[in-house]
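**Student:** requesting a structural model of the entry that follows:
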Amino acid sequence: MQNFRIYLAFIIAAFCHPLFAQEYPVSIILPEASKDLVEETLIPNKKNKSNQDLLQPIIDDLINKNYLAASIDSIVSDTITKVYKAYLFTGRQYDFKAITFDSLSEDFMNRLKIKKPTSTQEFILMREVIGDYYAENGYPFSKLRIDDLSLDNGDIEGQLKINTGPQIIIDSIEINGDVKIREGYIENYLDIFKGELYDAKKVKRIKSKMDKLTFLEQEQDPDLNFFGNYSTVNLYLKKKNSSRFDLLFGVIPTDNIENRSLFLSLDFTAEMLNRLGFGEYIYIDFERLRPEQQRFQVKFNYPYILDTPFAIDANFNIFRLGLNYQTLITDLGVQYLLNSTDHIKLAWNFESSNLIEINEEAILASGMLPGELDVSQSGIALSLHVDKLDYRFNPREGYSIDMKIVGGERKVKRNSAILALSELSDSVDFSALYDEIPNKPRFEFETAISFFQPLSVRGALGFHLKGGYRYTSVGLLINEKFQIGGNKLLRGFDEASIFTSYYGLITAEYRLLLSNNSYFSFPFVDAGYVEDVDGNNSFVAGLGGGLGFETKVGLFNFSVAVGKDNQSSFDFGKPKAHFGFVSLF
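**Tutor:** Next up, the predicted model:
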């Protein structure tokens with residue numbers, strides 16, 4: 001383009017100058033009339049850069065100030081003072097005020113609220129803004145030019161014209177490789193659909209978006225084919241092992257089992273991604289947390305229903321505490337997929353907790369209803385998930401946010417076994433005690449926020465904030481409270497051993513990443529506040545370390561931790577240890 005001949009001449013001339021390897025500073029020498037244009041006249045060279053690299057920012061700055069002919073005139077080596085002397089040519093300062101537009105361009109500039117450029121920097125910025133606008137609206141080959149260019153008397157005169165080029169339409173997305181995935185999933189995931197206008201912004205994000213899909217990998221970078229007014233997006237994909245079987249054992253010191261000082265807890269997890277080729281997600285988890293506790297959980301997610309940005313998401317959770325009670329939680333809803341990693345979910349939430357057996361003697365002796373009753377709640381849940389981590393299984397950088405709000409009507413159900421105790425008591429009518437418990441709303445809030453910051457070449461600092469609050473005006477029953485503690489939440493404590501209506505925990509950890517899936521974590525510290533058995537604040541803390549390493553057969557991990565609360569200190573003689581194995585397939 002004619003208006004950039006001076007600038008192009010500068011670039012060619014500049015690159016023709018000899019480059020020097022010695023780490024000498026460069027002294028800048030300007031014409032007498034231009035000495036005030038450069039603030040720093042002596043540039044140190046501490047990183048063994050070429051003189052061209054050292055001087056390029058100064059030349060760019062002069063050009064941005066409308067000295068379009070600025071260039072390096074010559075470079076002389078002074079071996080006595082050990083300095084390179086760079087003689088710069090600035091030329092005259094040009095004025096852009098005489099730039100005009102044709103009628104079409106002027107109307108377009110007014111609609112985009114772009115003003116006429118008055119400097120080189122403004123002209124380059126204007127060109128980028130116009131180019132980006134057309135490239136994101138079906139015209140990737142648009143050009144901006146200046147006709148009738150004149151540089152007389154320091155004034156730049158000419159008429160700005162825009163050539164949009166051909167309009168380009170997306171014809172198809174071609175998947176090359178052995179990956180089985182439905183076409184509608186890829187189109188919705190990339191937000192690129194057949195028949196829509198070409199959008200350079202979306203096209204530039206294809207590679208980074210595809211890199212975030214854990215069940216595939218790219219054999220080579222995506223590319224484009226153009227034919228006439230159409231374009232094809234080519235993806236080169238292959239399968240990647242991302243589904244997993246996870247087996248975790250915990251060696252837990254205990255005083256609650258006769259003739260045994262240790263208990264072996266078990267946590268089995270199966271997580272399957274895109275096994276059917278629909279981008280679906282299936283999660284199955286079974287936990288034997290303590291001798292009397294078991295938990296079973298199933299999750300299912302099907303994204304992009306009918307090729308829309310919505311997903312079906314279901315969660316089924318059942319927890320059993322010995323012969324005390326059993327709690328069922330069902331969560332069925334619809335996710336709105338904000339982008340490739342983030343979503344908002346609206347769901348129907350149902351929870352039902354039922355007693356299995358009752359302690360008749362204790363209830364009759366107290367003359368009161370027990371702290372655990374049959375109770376249910378039906379309501380609405382709203383949740384948010386944001387994932388900006390660089391790698392889900394072993395992150396080093398980024399953050400993630402999970403928040404959930406649940407509200408609904410809570411009902412205490414009459415237990416026939418407890419009502420029958422009225423016949424054995426002369427003074428207590430248990431039916432009347434049930435009448436004193438009204439149906440009231442119950443609200444719940446939970447959040448989990450994680451942040452990772454790289455440290456040195458392989459290190460990372462991880463910070464986590466986890467909290468929950470559950471409330472009803474008539475007070476929570478024991479079997480309505482959160483159950484925390486253990487390897488997933490508050491390490492150093494027995495699994496699900498703390499019953500609390502609220503918790504707030506902060507975790508800090510240092511991780512040394514040994515490979516993509518291997519790490520050494522030491523130390524990690526969990527600390528915060530929970531509710532104790534008397535309803536008061538209790539400070540809790542966990543301290544420990546962990547190791548995860550990758551082998552040909554899978555991932556092995558090991559962690560050990562000790563815990564303390566207001567009633568006890570760290571007992572390093574009885575740590576909680578967990579051994580895990582993850583098999584990717």
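
**Student:** tell me how far the nearest residue to residue 584 once chain neighbours are set aside lies from residue 548.
**Tutor:** With CB to CB, 6 or more residues apart in numbering as the criterion, residue 584 has its nearest non-adjacent residue at 4.1 Å, and that residue is residue 241. Glycine gets a C-beta too; all of them are placed from N, C-alpha and C. Residue 241 is 16 Å from residue 548, where distance means CB to CB, to the nearest Å.

**Student:** more neighbours: these two, which one.
**Tutor:** The residue with more neighbours, out of residue 241 and residue 548, is residue 548; 22 against 13, by other CB atoms under 10 Å.

**Student:** in its sheet, what does the helix or strand that the more buried one is a member of sit against?
**Tutor:** Under the criterion of DSSP states H and E, residue 548 resides in strand 537-550. Looking at strand 537-550 with DSSP bridges, its partner strands are strand 519-531 (antiparallel), strand 555-564 (antiparallel).

**Student:** tell me the spacing between residue 343 and residue 334.
**Tutor:** Taking CB to CB, one finds residue 343 at 10 Å from residue 334.

**Student:** pull up the overlap in contacts between those two.
**Tutor:** Common contacts of residue 343 and residue 334, defined by CB atoms under 8 Å, 6 or more residues apart in numbering, comprise residue 311.

**Student:** where does the chain dip in pLDDT?
**Tutor:** Applying pLDDT under 70 to the chain picks out residues 1-23, 46-48, 97-106, 149, 151, 153-154, 252, 254-261.

**Student:** report the longest helix in it, please.
**Tutor:** helix 120-135 (DSSP state H).

**Student:** let me have the strands paired with strand 537-550 in CSV, extended by mean neighbour count and distance to residue 159.
**Tutor:** Listed next are those as CSV, based on neighbours: other CB atoms under 10 Å; distance: least, CB to CB, whole Å:
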stretch, mean neighbour count, distance to residue 159
strand 519-531, 18, 61
strand 555-564, 19, 65
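
**Student:** now do the helices in the stretch 251-400 of the chain.
**Tutor:** All helices of the stretch 251-400 of the chain, identified by DSSP state H, counting those that start in this stretch, fall at 360-366.

**Student:** all strands of it, in order?
**Tutor:** For the stretch 251-400 of the chain, the strands defined by DSSP state E, counting those that start in this stretch cover 262-273, 281-290, 293-302, 310-321, 325-337, 343-355, 374-387, 398-413.

**Student:** more neighbours, residue 343 and residue 334?
**Tutor:** residue 343 (22 against 15).

**Student:** for that one, list each beta-bridge partner.
**Tutor:** Here residue 343 sits in beta bridges with residue 337, residue 385, as judged by DSSP bridges.

**Student:** list the contacts of it.
**Tutor:** Residues counted as contacts of residue 343 (CB under 8 Å, 6+ apart) are 311, 335-337, 384-385.

**Student:** name the SS class of the closest residue to residue 129 other than its chain neighbours, please.
**Tutor:** Take residue 129 and drop its neighbours on the chain: the residue closest to it by CB to CB, 6+ apart is residue 114, 6.3 Å away. Look at residue 114: counting by DSSP: H, G, I helix; E, B strand; the rest coil, its state is coil.

**Student:** pull up the distance across stretch 227-247, start to finish.
**Tutor:** One end of stretch 227-247 sits 52 Å from the other (CA to CA, to the nearest Å).

**Student:** my guess is residue 225 contacts residue 232, does it?
**Tutor:** Yes: contact criterion CB atoms under 8 Å: residue 225 and residue 232 qualify, at 4.4 Å.

**Student:** between these two, which one's more packed in?
**Tutor:** residue 232 (15 against 12).

**Student:** which element is that one on?
**Tutor:** Using DSSP H and E, residue 232 sits in strand 230-239.

**Student:** partner strands of that strand, parallel or antiparallel?
**Tutor:** strand 169-177 (parallel), strand 216-227 (antiparallel).

**Student:** looking at these, which is nearest to residue 82?
**Tutor:** Within the strands paired with strand 230-239, the stretch nearest residue 82 is strand 216-227; the backing value is 45.5 Å (CB to CB).

**Student:** and the closest one, which residues are buried?
**Tutor:** Buried positions in strand 216-227, judged by neighbour count with 16 or more other CB atoms under 10 Å: 216-218, 222.

**Student:** what sits against the closest residue in space to residue 387 that isn't next to it in sequence?
**Tutor:** Closest residue to residue 387 apart from its sequence neighbours, by CB to CB, 6+ apart: residue 341 at 4.2 Å. Contacts for residue 341 (CB under 8 Å, 6+ apart) come out as 212, 386-388.

**Student:** of these, which pair is most distant in space?
**Tutor:** 212 and 386 (13.1 Å).

**Student:** report the beta-bridge partners for residue 230.
**Tutor:** residue 169, residue 227.

**Student:** and it, what is it in contact with?
**Tutor:** Residue 230 neighbours (CB under 8 Å, 6+ apart): 168-171.

**Student:** out of those, which are buried?
**Tutor:** 168, 170-171.

**Student:** just the residues contacting the longest helix of the chain, thanks.
**Tutor:** 63-66, 68, 96, 99, 108, 112, 114-115, 117, 140, 142, 144, 162, 164-165, 198-201.

**Student:** okay, helices next: where are they in the stretch 401-550 of the chain?
**Tutor:** Under DSSP H, counting those that start in this stretch, the stretch 401-550 of the chain gives helices at 416-419, 430-435.

**Student:** tabulate those in JSON lines, adding columns for distance to residue 74 and mean neighbour count.
**Tutor:** What follows is the helices of the stretch 401-550 of the chain, written out as JSON lines (distance: least, CB to CB, whole Å; neighbours: other CB atoms under 10 Å):
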{"stretch": "helix 416-419", "distance to residue 74": "99", "mean neighbour count": "14"}
{"stretch": "helix 430-435", "distance to residue 74": "98", "mean neighbour count": "14"}
